[in-house]
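**Q** Quick one: sequence and predicted model below, then my questions.
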Amino acid sequence: MTTIRHSILGLSFIFLSIASFAQFTGPARYSEARFAEISIDKNIVYAQAQALAFPWMNQNNTILQNLNIDIYRPTNDSINKRPCLIFAHSGGFLTGSRGHDDMVALCDSFAHLGYICVDLEYRLGMSNDSMSSTRAVYRGLQDSRAAIRYLKEFHTDYGVDTTNIYISGSSAGSFVALQNLYLNKEEERPLATYAGGSAPNTHPDLGCLDCSGNTYVQNGRAKAAIGLWGALSDTLIVEAEDGNAVLLVHGTDDDVVMFDKGPPWGYSFLPVAWGSKTIAQRLESLGFSPKTYFVEGKGHEFYNTSNGMWSPAPNAYWDTIYYKALNFFYEQHRPIASFSYSSDYTNIQFTDAQPDYPDVLWDFGDGETYSGHNPLHTYDTAGLYLVQMFVQNQIGSRDSTSQWIEVFDKIYLTSLEVYSVNGVYEIIENQGTLQFSYRAEPETASDTTIIWSLRNIDGLAQINAFGRLQALQNGSIYVIATARDGSFVRDSVMVQISDQHILVDDIDVLSSTGSYSIDIPAGQLQMEAIVHPDNATNQNIAWSITSADGMAEISENGLVTALENGLVYTVATAKDASGTKDSVAVLISGQHTSIGEKDAAFWPEYRLQADKVLLFASERTSYTARILSLNGIECRTKSAEGNTTIEIDGLAKGIYLLQISAQGISKTQKLLISK
């Protein structure tokens, strides 16, 4: 086996610094030569498939062929799930095999970094016509998918991370790699891969994408691909959903596989192949920014191989392509280091953007470090600090990020002065108001906001968050401003309140008879309200009914009239600004709940129309119609004989009760007002 090593492998990865990851164990996996030794498992049969029998002229003349791979692995590796790279050799589907110099060098180099590397063998065989060459490329695609299915099936045996399998190829191998990434639907299969032709040139069906080589139930598509001087059968198979996980490498003067488009070698009997330039243009048309390395004036295999063999040794382009591949593959599985932070002066709370990474290291820029997620760090002094975050994911890939953060010392308030904006410190108007403000020292304090509060001596008032004071009860109160910054600095001023109305602070609702039930049809019960204190300025109350499952109505003087069986609450609410209320339950029974068949024919019907309720009844029917709120408050009432209307203009949208009383019977139903 030929092994190619590079002195520059010891250099740090192009965007990852060795020093940055000094806190992690060992060199950076997948970007530095971490493993001194690798092992190679040779001649592993991953599939058996029908291959064309030489000289490949008859598509029906096939033999069963074992397909092999060589697997390169780092030895003494502590991680049992690693990204896997598949390399497919050149040869125009006519020559070549595992063991080409360039493929071996790639497998060897990347295995020393920590990758699982696979040198792929795929079926050869084509003749000088379009149909045969199209089928040759498709067989290579099928074999690459069979290899991926095999690696996924036996991933524990080789330590493969099944979510990170990539493929790369040179020339014909690049055809295989690019078709693997983009020819990924059955409807994209070329017509020549199906059964067809006419005797004696018939050709059998090659089967579906995953119907050849083995029967492992896995998806055979790679996650990403590198195409070295390769092409696609048609760029229309590249769709937005396929993504942009490809690196295209090509010389602009390639006369074997055209950089633009055309048949390989310029042979007109071969189908047009769409080269790297057209693939990049297709990706751009889909809104992607394709990753490319196009070299002006260079031809085929311009890193100095001939059909995959050194001619006689690699040139400088080999190193360039190697490191571009190194960066590209790493980007596919690189974790993303990212964090945000919030500041409480010298106390800084850091938050991971991706909290599921197993290894997270922090350098706070002040000589202190931390291992773990979401640290809270306290700086000794204010200043500008470069905070660095290093992350490592489950397969050992690393990333870092940094942010400059400015840390401030907290400057506390030393004094507050509370004052009335208009210089007045008394309120002589009922529920009058005063606006208060404050002066804070020093003006450079970190937090100059305050909390307003009151201390009532013998008066009563309320103050909002903006220092607006409202009087409620005569007497003296203190307006207090307290610093929010924890300094405990405060100041206060006294305010005198006079000429305030005395508010109701309690109400007792009682029945005049001592009874709290009604058991006769349309029975009535007089309620009374006792207001406290007895010298309250406004002792008027408003009566209302709240229904539990019964129904009643109440007059403005507290007379309850039963309507439907069940429980109701009679509510007395003070009409002053106090909002004080009280209620008692009244049990209703013995009410009529339905209309007899005899009376039903005379019962009014209703219909809503614009801003009125239309009632339809026999002229012999006398009735009273009421619209009530759900808590029993009467909104509209009208007595009539025959048809009539009730105006509802001015009532808010919502659900009301329509109660119709006639012939000593009441009927109530819900009424929806929606206009």
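**A** Cool, the structure landed.

**Q** would you say residue 150 is within a strand?
**A** No - going by DSSP: H, G, I helix; E, B strand; the rest coil, the assignment for residue 150 is helix, not a strand.

**Q** Identify the residues contacting the closest residue to it other than its chain neighbours.
**A** What sits nearest to residue 150 in space, not counting adjacent residues and going by Cβ to Cβ, 6 or more residues apart in numbering, is residue 46, at 4.0 Å. Using the backbone N, CA and C atoms, a C-beta is placed for each residue, glycine as well. The contact partners of residue 46, by Cβ atoms under 8 Å, 6 or more residues apart in numbering, come to 67, 68, 69, 146, 147, 150, 151, 213, 214.

**Q** give me that answer again for 6 Å
**A** Contacts for residue 46 (Cβ atoms under 6 Å, 6 or more residues apart in numbering) come out as 67, 69, 147, 150.

**Q** Now tabulate these in TSV and tack on secondary structure, distance to residue 275 and pLDDT.
**A** Shown next, in TSV, are these (DSSP: H, G, I helix; E, B strand; the rest coil; distance: Cβ to Cβ, whole Å; pLDDT from 0 to 100):
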residue	secondary structure	distance to residue 275	pLDDT
67	strand	28	98
69	strand	28	98
147	helix	25	98
150	helix	30	98
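
**Q** neighbour-wise, which of these leads?
**A** Within the contacts of residue 46, most neighbours by other Cβ atoms under 10 Å means residue 147, with 30 neighbours.

**Q** Just give the nearest non-adjacent residue to that one, would you?
**A** Here the residue nearest residue 147, using Cβ to Cβ, 6+ apart, is residue 46, at 5.1 Å.

**Q** now swap in residue 244 and tell me
**A** Closest to residue 244 by Cβ to Cβ, 6+ apart is residue 288, at 4.0 Å.

**Q** how close does that neighbour sit to residue 391?
**A** Noted for residue 288: a distance of 27 Å to residue 391, by Cβ to Cβ, to the nearest Å.

**Q** more crowded one of these two?
**A** Set residue 288 next to residue 391 and count neighbours by other Cβ under 10 Å: residue 391 wins out with 25 against 17.

**Q** Just the element for that one, please.
**A** strand 383-392 (DSSP states H and E).

**Q** could you point out which element follows that strand?
**A** strand 398-407.

**Q** List the buried residues of the following helix or strand past that following strand.
**A** Counting by DSSP H and E, the next helix or strand C-terminal to strand 398-407 is strand 415-420. Neighbour-count burial for strand 415-420 flags 416, 418, 420 (criterion: 16 or more other Cβ atoms under 10 Å).

**Q** go on, stretch 250-258?
**A** Buried-residue list, stretch 250-258, by 16+ other Cβ under 10 Å: 250, 251, 254, 256, 257, 258.

**Q** Filter those down to just the ones in strands.
**A** 250, 251 (DSSP state E).

**Q** Residue 400: which of the buried residues of stretch 250-258 is nearest?
**A** residue 250 (32.8 Å; Cβ to Cβ).

**Q** ok, now which ones touch that closest one?
**A** If you count contacts by Cβ under 6 Å, 6+ apart, residue 250 has them with 229, 259, 276, 294.

**Q** if we take those residues, which one ends up nearest to residue 376?
**A** Closest to residue 376, out of all of the contacts of residue 250 and judged by Cβ to Cβ, is residue 294, at 49.8 Å.

**Q** Assign the closest one to helix, strand or coil.
**A** strand.

**Q** Which residue lies closest in space to it, excluding its sequence neighbours?
**A** Per Cβ to Cβ, 6+ apart, closest to residue 294 is residue 250, 5.6 Å.

**Q** give me the low-pLDDT residue ranges for the stretch 551-675 of the chain?
**A** 592-603, 619-620, 675 (pLDDT under 70).

**Q** which residues of it fall in strands?
**A** Taking DSSP state E, counting those that start in this stretch to define them, one finds strands in the stretch 551-675 of the chain at 551-554, 559-564, 566-574, 581-588, 605-609, 612-616, 622-628, 634-641, 644-647, 654-662, 665-673.
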